[in-house]
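Student: I would like to see how this sequence folds:
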Amino acid sequence: MTDLTGMEKEQLVEQILLEKYNNYYRLAYSYVHNEADAGDIVQNGAYKAILHSDSLKQKAYAATWIYRIMLNEIFRFLKSNPVSREVYAAPEEIGGKLAGKEDRYQDVDLMRALDTLPQEVKTVIILRYFEDLTLEQIASVQEENVNTVKSRLYRGLKKMRLELAYGT
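Tutor: Model prediction:
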């Protein structure tokens, strides 16, 4: 693979951002449960990705690099806004932005069960089942070992099953 120039890296990042905007929005929304906040997070993440596109090392990892930026923005937002995120929008309130496979994001019980999980476990489940990333891609995004990701995934799924079956 030939090295990309700064301009080519920026164009690649912009292209991925445009193609996967809805994915990033859904990811942010799954954490903050608020349309405006999710939009702000994605906007900030996109700005930072474009601004720092010259630090992208390999073209093949561009998409996971951007996911990492978006997750960092989400976690930064959650840290600076510790207000409880217990409010869930009704599906019709987010209708136009979430369609098709995104219906999974509209299952209130599922989202509440996800919110009971530690952040790193919740992230693995969302990236795997909502964003269809492979375990290897998730490991890359989280900068973790694949076995760690698998362990978090299975532990989180077990806890979610119990939460959904016996919910509090």
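
Student: lowest average confidence, helix or strand, in the chain?
Tutor: Every helix and strand of the chain was ranked by mean pLDDT, DSSP states H and E. The lowest is helix 108-115, at a mean of 83.

Student: for that helix, packing partners?
Tutor: Counting by 3 or more Cβ pairs under 8 Å, 6 or more residues apart in numbering; DSSP states H and E, the packing neighbours recorded for helix 108-115 are helix 119-125, helix 146-166. Every C-beta, even on glycine, is put in place using the N, C-alpha and C of the backbone.

Student: avg pLDDT for the shortest one?
Tutor: Just to be clear, that refers to helix 119-125. The average pLDDT within helix 119-125 is 92.

Student: circling back to that earlier point, could I get the helices and strands packed on helix 108-115 as JSON lines with mean neighbour count and distance to Tyr24?
Tutor: Formatted as JSON lines, the helices and strands packed on helix 108-115 follow (neighbours: other Cβ atoms under 10 Å; distance: least, Cβ to Cβ, whole Å):
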{"stretch": "helix 119-125", "mean neighbour count": "20", "distance to Tyr24": "14"}
{"stretch": "helix 146-166", "mean neighbour count": "15", "distance to Tyr24": "20"}
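
Student: could those helices go into CSV alongside distance to Tyr21?
Tutor: Putting these into CSV (distance: least, Cβ to Cβ, whole Å) gives the following:
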stretch, distance to Tyr21
helix 119-125, 19
helix 146-166, 25
